[in-house]
Every structure is written in structure tokens, then in C-alpha cells.
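Student: Provided below for reference: sequence and predicted model.
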Amino acid sequence: MASEDLKTGLDILHAALLDAGEAASSSGDYAAEGKRAVRQAYWSILCHARWPWGLATSPNVIAVQAAQRVTVNSIAGTTMTLSANLTPSMVYYKVYLESNQSVYRVLSHTDNTDTVTLDASYVESVTSGPAIFFKDEYALPTSVLRVWDPMWPRGWYDNPIPIIDKPLFEQRYGRGAWGFGSGIIEAACEVHPEGFDAASDNMIRQVRFAPWCEDALNIEHDYTVFHDLDFSGTGSTVDTPKVPREHRSVIANLATALLCINKDESKAKDYGEIGAGKLRAMVDQYIPSQAGRFHTQAKHSVSLGLT
């Protein structure tokens with residue numbers, strides 16, 4: 001089916017199902033598998049490049065919280081009692097005693113109180129003394145599908161923060177308290193749309209910074225906007241792909257490749273190569289300055305590890 005005939009998510013679903021040798025239906029036995037394939041193909045394409053039609057009109061801003069220093073009076077099990085009330089709530093913060101630097105997460109804390117609950121029983125020998133509460137992990141808004149490198153600290157625009165893969169980030173910084181200071185060196189982002197359930201919105205979206213920041217800081221970043229398809233066929237905003245109409249057949253081609261992979265059919269490779277070729281043409285049209293980089297990625301896009 002030609003791209004100009006693919007107006008809605010439902011049109012794309014039907015095209016992918018037919019090309020995969022299945023009935024064109026939104027509620028048949030294979031429809032749920034088809035919807036998953038179309039979504040995965042669509043989100044992979046959105047994440048593949050910094051498409052001008054996919055970017056948010058303004059950057060997202062992450063308000064990095066200042067660390068707080070306080071004396072711990074006692075720790076018993078998961079209960080930590082402090083020498084002073086802390087505000088705001090320390091939930092999602094991490095804490096360690098300066099004497100041992102074993103990091104615990106704060107499971108619960110009521111704003112302006114002096115007792116916090118840790119995520120595990122405290123097993124260190126020293127249970128009192130100076131402690132630091134810091135926050136190096138932040139949730140991203142549900143509107144975020146992909147964060148684009150780099151991030152920019154406001155007021156420090158000559159010091160961009162590069163985004164690196166999470167495994168490399170943890171190799172460098174571990175999961176504990178890696179130093180501190182007024183500036184952030186690197187960031188790692190997680191956004192996982194593949195297992196997304198539109199009904200419950202359980203997509204993982206978070207960023208972690210290293211080192212954790214002593215002072216409050218605003219950090220901004222460009223991002224591709226998350227967009228789902230409801231397969232209603234109505235032509236509404238939630239069933240009209242952001243991919244320009246003349247290129248929408250690439251979604252159907254890559255979704256068909258996925259369906260054929262799941263069915264262990266050899267034509268999966270053919271549809272994957274067709275989709276990859278169309279993806280290269282899109283990059284040439286919209287992002288010619290980055291074509292060489294993205295062409296290398298698109299050659300290996302049959303599995304839809306497009307990003």
C-alpha cells in the first residue's frame with residue numbers, strides 16, 4: 001500500500017497485517033500482535049533521528065535539587081532518626097553517613113519531619129553521625145520519548161553534559177555516591193517504550209547524573225515527544241502518526257518485518273531492508289547533515305534496534 005493511502009494508525013495496522021499474510025482486522029486473533037509491532041516500529045522511527053517534526057517545541061527542564069547535610073541521631077532497622085526536620089520530602093533521595101558512604105534509598109519521609117524510612121535494613125556498624133541526602137535520579141515527563149544529547153545546565157551553557165549509555169555510566173560511577181560538586185560531568189537516560197502499556201502508562205523514563213550536585217541547578221534538554229496510536233481509524237490526533245504522510249509506509253514495512261520475524265518467515269529480511277532504505281531516504285530529506293551516521297544505523301534496523 002502506498003504511503004499516501006496510509007492516513008491513520010489503523011491503515012498502517014491493516015497494511016502490515018496483510019503484508020504479513022494475516023487478516024486486516026483491528027480485533028482479530030492476530031490484531032494485538034499487529035498493534036505491538038506497529039507501535040514498536042513507529043516509536044523506533046521516532047527515536048531514530050532528530051526529526052524536526054518529532055521534536056518538542058521547547059526543551060524539558062530538570063530541576064536538580066541541592067544536597068542536604070544533617071546529623072543522624074540513630075538508625076534501627078529501616079528507621080533513621082535525624083537531628084533536625086528536613087524539607088522537602090526526601091522520598092527518591094539517597095543518603096549515606098560520611099563515615100562509611102554506604103548508600104541507601106529513602107523509601108518514605110514526610111515533609112518537615114525528622115524520621116525517614118530506608119529501602120533496606122541498615123547493616124553498617126556506625127549508626128550515627130554526619131550524613132548527606134542527595135538526589136541524582138530524576139523522573140522524566142510522560143511526554144518524553146527520547147532525550148537528545150547533550151543536556152545543558154542553565155547558566156553554564158559552555159559546559160554541556162554528555163549523555164552516555166547506562167552500562168557505561170554504571171561502569172564508571174557504580175550505583176553509590178560518586179563524588180559531589182557544583183558541576184555535573186555526565187548523564188545516563190532510560191526510556192523504554194518497547195513494553196509500554198498505553199492503558200497503564202508503565203514506561204520507564206528517568207535520568208541519572210554524576211557526580212551528584214551539591215547545589216540546586218536547572219538542566220534543559222531537547223527531546224522527541226512521545227506519541228501513541230489508538231488504531232481507531234478516526235484520523236484524530238492520537239491515530240495520526242507524526243511521520244509525514246508520504247513516508248508512512250516505512251512504519252508498515254518495519255512492522256511487517258517484526259511480524260514476520262515472530263512468525264519465523266524469511267520475508268522478514270526483505271521487508272526490513274525495504275524499510276531501512278526508506279528510512280535512509282527520510283534522513284537524506286530531513287537531516288542531510290547527519291546522513292552518514294544514520295545510514296550506518298539503518299543498515300542494521302531489521303531487528304528494530306533503530307536507536
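Tutor: Looks like it arrived, so ask away.

Student: got the CA positions of the host helix or strand of Gly277 in CSV?
Tutor: Following DSSP states H and E, one finds Gly277 within helix 267-286. Only the C-alpha atoms of helix 267-286 are listed here, as CSV (Å, rounded to 0.1, in the frame of the first residue of the first chain):
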residue,chain,number,x,y,z
LYS,A,267,10.4,-12.3,4.0
ALA,A,268,11.1,-10.5,7.3
LYS,A,269,14.6,-9.6,5.9
ASP,A,270,13.0,-8.3,2.7
TYR,A,271,10.6,-6.0,4.5
GLY,A,272,13.3,-4.9,6.9
GLU,A,273,15.6,-3.9,4.0
ILE,A,274,12.8,-2.0,2.3
GLY,A,275,12.0,-0.2,5.5
ALA,A,276,15.7,0.6,6.1
GLY,A,277,16.0,2.1,2.6
LYS,A,278,13.0,4.3,3.1
LEU,A,279,14.5,5.4,6.5
ARG,A,280,17.7,6.4,4.8
ALA,A,281,15.7,8.5,2.3
MET,A,282,13.9,10.2,5.2
VAL,A,283,17.3,11.1,6.8
ASP,A,284,18.5,12.5,3.4
GLN,A,285,15.4,14.7,3.2
TYR,A,286,15.1,16.0,6.8
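
Student: got the phi and psi for Ile163?
Tutor: Note on Ile163: backbone dihedrals following degrees, to the nearest 10 are phi -100, psi 130.

Student: quick check: the gap between it and Trp152.
Tutor: Here Ile163 is placed at a distance of 11 Å from Trp152 (Cβ to Cβ, to the nearest Å). All C-beta atoms are positioned from the backbone trio N, CA, C, and that covers glycine.

Student: and what of Gly233?
Tutor: On the measure of Cβ to Cβ, Gly233 and Trp152 end up 41 Å apart.

Student: more neighbours: these two, which one.
Tutor: Per other Cβ atoms under 10 Å, whichever of Gly233 and Trp152 has more neighbours is Trp152, with 18 against 15.

Student: which residues touch the helix or strand where the more buried one lies?
Tutor: Using DSSP H and E, the element containing Trp152 is strand 152-153. For strand 152-153, contacts defined as Cβ atoms under 8 Å, 6 or more residues apart in numbering pick out 59, 159-161, 183-184, 217-221.

Student: perfect, that will be all.
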